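J.: Fold the following for me, if possible:
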Amino acid sequence: MKGSSFTYLIKEGAKNIWNNRLMSFASVGVMVACLLIVGAAMLFSINVNSFVGYVESQNEVVVFLDDDVTDQEIEDLRAQLGDNDNLSGITFVSKEEALLKEMENMGDAAALFDGLFKDNPLPDKFVVQLKNLEYINDTVRDIEHLKGVESTQAPRNVADMLVNIRYAVSFAGSFIILILAVVTLIIIANTIKLTVFSRRTEINIMKYVGATDSFIRLPFIAEGIILGLISAIVSFFILWGAYNWLMSWLIANPQSWLQSAYGSFVPFTQMAWPLFGGFALGGSLIGVLGSFVFVRKHLRV
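T.: Residues are numbered from 1 along each chain as shown. Prediction:
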């Protein structure tokens, strides 16, 4: 496409928007609202996944060893645990270290445990962190099959809850995006429909002098792209400001659990370019689709 033709398309698209500025404003407003909700759902989903990952890193599986396990078997177990792809951290805690930890927790009553050093009832153990709680059952089953392992203690209920939250957020986010995309498409399509109707005489004249359907259709498609890009830019900066305000509020909030959650939130700058690219691409595609479908439908006036 030549530069003059491209300029013509942009001018015609902008002209269509101005001539139908009330509906164009309504389209931009609806698209901004839709993109804000979609963007908020995306940010919420990303941060939920990040928080789940943070909780995953805090959840531990305790691997209790047999009483008669040897030092060599302990080292072999450490190596075998290291070969498991779903384990991120492996810490060995001897029975002596476990007893000392219990005595620290007892405070002034720790002296009652002094006699246990000669006949320590606590087992040696490994404390391991999981990378993905979704595979906790498979991981624990593999660990329990290792030689020298007596039993395990795993947060299965917490794992199931977090996995269900992750799936629910993903499903809800996808559903919201689909519904809002349809609503936005209808609004933009109605704007294009009114534009075509208001210019039906001009379109007829252009067809009589030999203009092709593609030549007539392209300015309307350009209009849809412009509406989509404007909506994307406005939505992006509103969402950016709202997200930063929320992060500032979390920092100032004295609630300890909010302070802990803040550390797992993803900075907006880390998501800015992918989010803006998604807004621009999504807005443009919805604009193009709405323009193409309804211009095609109403071209013969």
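J.: can you pull the contacts of residue 74?
T.: Each residue near residue 74 by C-beta atoms under 8 Å, 6 or more residues apart in numbering is listed here: 65, 92, 124, 148. Backbone N, C-alpha and C define where each C-beta goes, glycine included.
J.: Out of those residues, which sit inside strands?
T.: Residues of the contacts of residue 74 located in strands (DSSP state E): 65, 92.
J.: Now a ChimeraX select for only the buried ones of the contacts of residue 74.
T.: Selection command for ChimeraX covering only the buried members of the contacts of residue 74, criterion 16 or more other C-beta atoms under 10 Å:
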select :65,92,124,148
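J.: tell me the two of the contacts of residue 74 that are most distant?
T.: Greatest spatial distance among the contacts of residue 74 (C-beta to C-beta): 92 and 148, at 12.1 Å.
J.: Distance check, the nearest residue to residue 14 once chain neighbours are set aside against residue 280.
T.: Sequence neighbours aside, residue 226 is the residue nearest to residue 14 in space, at 6.4 Å (criterion: C-beta to C-beta, 6 or more residues apart in numbering). Residue 226 sits 12 Å away from residue 280 when distances are taken as C-beta to C-beta, to the nearest Å.
J.: Does residue 129 fall in a helix, a strand, or a coil region?
T.: Put simply, residue 129 is strand when judged by DSSP: H, G, I helix; E, B strand; the rest coil.
J.: hang on, isn't it packed against residue 86?
T.: No: counting by C-beta atoms under 8 Å, residue 129 stays clear of residue 86, with 9.7 Å between them.
J.: Out of those two, name the residue with the larger neighbour count.
T.: Neighbour count, other C-beta atoms under 10 Å: between residue 129 and residue 86, residue 86 has more, with 19 against 16.
J.: which residue sits closest to the more buried one in space, ignoring its chain neighbours?
T.: In space, and not counting its chain neighbours, residue 86 is closest to residue 139: 4.6 Å by C-beta to C-beta, 6+ apart.
J.: Is that neighbour in contact with residue 85, as I believe?
T.: No: the pair residue 139 / residue 85 is not scored as a contact, 9.1 Å apart, by C-beta under 8 Å.
J.: Between the two, point out the one with more neighbours.
T.: A direct count of neighbours by other C-beta under 10 Å for residue 139 and residue 85 places residue 139 higher, at 23 against 9.
J.: The more buried one - that's part of a strand, no?
T.: No: under three-state DSSP, residue 139 sits outside any strand and is assigned helix.
J.: Please list all residues in contact with it.
T.: Counted by C-beta under 8 Å, 6+ apart, residue 139 has contacts 61, 84, 86-87, 130.
J.: right, and out of these, which lies closest to residue 37?
T.: Closest to residue 37, out of all of the contacts of residue 139 and judged by C-beta to C-beta, is residue 130, at 33.4 Å.
J.: Need the pLDDT of the closest one.
T.: Residue-level confidence at residue 130 comes out at 83, pLDDT.
J.: ok, it - contacts?
T.: 56, 59-61, 86-88, 136, 139, 159.
J.: Give me the buried subset of these.
T.: Buried, going by 16+ other C-beta under 10 Å: 56, 60-61, 86-87, 136, 139, 159, out of the contacts of residue 130.
J.: Can you report how many residues lie near residue 267?
T.: Residue 267 sits with 10 neighbouring residues when counted by other C-beta under 10 Å.
J.: what's the neighbour count on the nearest residue to residue 98 once chain neighbours are set aside?
T.: Nearest non-adjacent residue to residue 98, counting by C-beta to C-beta, 6+ apart: residue 122, 4.5 Å away. Here the number of neighbours of residue 122 (other C-beta under 10 Å) works out to 16.
J.: Please settle this for me: is residue 122 part of a strand?
T.: No: assigned with three-state DSSP, residue 122 falls outside any strand and is coil.
J.: Over to it: give its phi and psi.
T.: Here is the backbone geometry of residue 122 (degrees, to the nearest 10): phi -80, psi 140.
J.: From the contacts of residue 139, pick the one nearest residue 41.
T.: Nearest to residue 41 among the contacts of residue 139, counting by C-beta to C-beta, is residue 130 at 27.2 Å.
J.: Name whatever forms a beta bridge with the closest one.
T.: Counting by DSSP bridges, residue 130 forms beta bridges with residue 87.
J.: Can you show me the helices along this structure?
T.: Counting by DSSP state H, the chain has helices at residues 3-19, 21-58, 71-82, 95-106, 136-144, 156-198, 200-208, 213-252, 256-262, 268-298.
J.: can you list these in TSV and add mean pLDDT?
T.: Output for the helices of the chain, formatted as TSV (pLDDT from 0 to 100):
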stretch	mean pLDDT
helix 3-19	69
helix 21-58	77
helix 71-82	90
helix 95-106	72
helix 136-144	89
helix 156-198	73
helix 200-208	73
helix 213-252	83
helix 256-262	56
helix 268-298	76
